[in-house]
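Student: Predicted coordinates and the sequence they were generated for:
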Amino acid sequence: MTAEPTLYGLIDDLEKYLEYQRDEGVQRVEVDRAVLEELAREPTEEKAEEVTVEAAPIPADFESLEQIAEHVLRCRSCPLCQERIHAVPGEGNGDAPDILFVGEGPGADEDQLGRPFVGKAGQLLDKMIEAMGYKREQVFIANIVKCRPLNNRKPLPEEMEMCMPYLHQQIRLIRPKVIVGLGGTAMEGLLGNKVSITRMRGIWQEYQGIRLMPTFHPSYLLRDPSKKKEAWLDLKMVLAELGKEPPPRK
């Protein structure tokens, strides 16, 4: 017997459809007024399963990335845990990689699989990494928050503040040579204040004594491909910092 789709599921599917239309260049979509009224109605029959949120402090003495990942997977320190399917600790080379890429937070695909950057934005990030002469497994990829905010909204400042100790300790253990901040939210989480990524991108910053390069998030580049050239200039600056040049294009 096939389960009927929930209202939240329908909204999630609609969101994905609209994002697809936007990425395809569609600027106007006609929607029946009755559909809008139905979506605006408060759900009456569905009740989300209650999850206890325990605002316990995150330990400051993790000895390995595995310990951090285990703690992330059972974390109940902020409300984001109530909606997640899987927490997403991060993945990649944890032994002093050249580059650590930091994004905003998991999306729907990442929430399903428990891995960072595996959707359309992740596919573009993979291409960016390959263009720099690396493989995905040679770098480390993480996010400011480890659980998906509902409907892919921007994480709240208090959610970022609660989750940042995980990333802080990952950076301490990973010891990357350079950090690349993907988008304004990533930079906001790392620097602790609001930023304009269009003004900051391409200008070196610093986090925990490590050089930090702000650039556009891959999802933004999917929406505005004209910005890919600027993002590539940022990544070439990262390579120059590492004493490397981009490999010849295939």
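Tutor: Right, received. Where do you want to start? Small disclaimer: the values here were computed from a predicted structure and weren't measured. Residues are numbered from 1 along each chain as shown.

Student: which SS class is residue 212?
Tutor: strand (DSSP: H, G, I helix; E, B strand; the rest coil).

Student: so for stretch 207-226, what's the average pLDDT?
Tutor: On average, the pLDDT along stretch 207-226 is 97.

Student: Return the distance of that stretch from the chain's centre.
Tutor: 11 Å (C-alpha atoms, centre = their mean, to the nearest Å).

Student: now stretch 241-250
Tutor: Stretch 241-250 has its average C-alpha position 25 Å from the chain's average C-alpha position, going by C-alpha atoms, centre = their mean.

Student: what sits against residue 231?
Tutor: Applying C-beta atoms under 8 Å, 6 or more residues apart in numbering to residue 231 gives the contacts 128, 201, 215-216, 221. Every residue, glycine included, has its C-beta placed from N, CA and C.

Student: Correct me if wrong, but it is in a helix.
Tutor: Yes: counting by three-state DSSP, residue 231 is found in a helix.

Student: pLDDT score for it?
Tutor: For residue 231, the predicted pLDDT is 98.

Student: what about the helices in the protein?
Tutor: 7-23, 33-40, 65-73, 108-113, 120-131, 157-174, 184-191, 197-200, 218-223, 228-241 (DSSP state H).

Student: picking up where we left off before, max pairwise distance over the contacts of residue 231: which two?
Tutor: By the measure C-beta to C-beta, 128 and 201 form the most distant pair in the contacts of residue 231, at 13.8 Å.

Student: quick one on the thing from earlier: of all the helices of the chain, which one is nearest residue 98?
Tutor: helix 228-241 (8.5 Å).

Student: what inclination does that closest one have with respect to helix 120-131?
Tutor: Per axes from the mean of the first three to the mean of the last three C-alpha atoms, to 10 degrees, the angle that helix 228-241 makes with helix 120-131 is 50 degrees.

Student: buried set for stretch 124-136?
Tutor: 124-126, 128-129, 131-132, 134, 136 (16 or more other C-beta atoms under 10 Å).

Student: cool, and stretch 116-125?
Tutor: Those buried within stretch 116-125 under the rule 16+ other C-beta under 10 Å are 116-122, 124-125.
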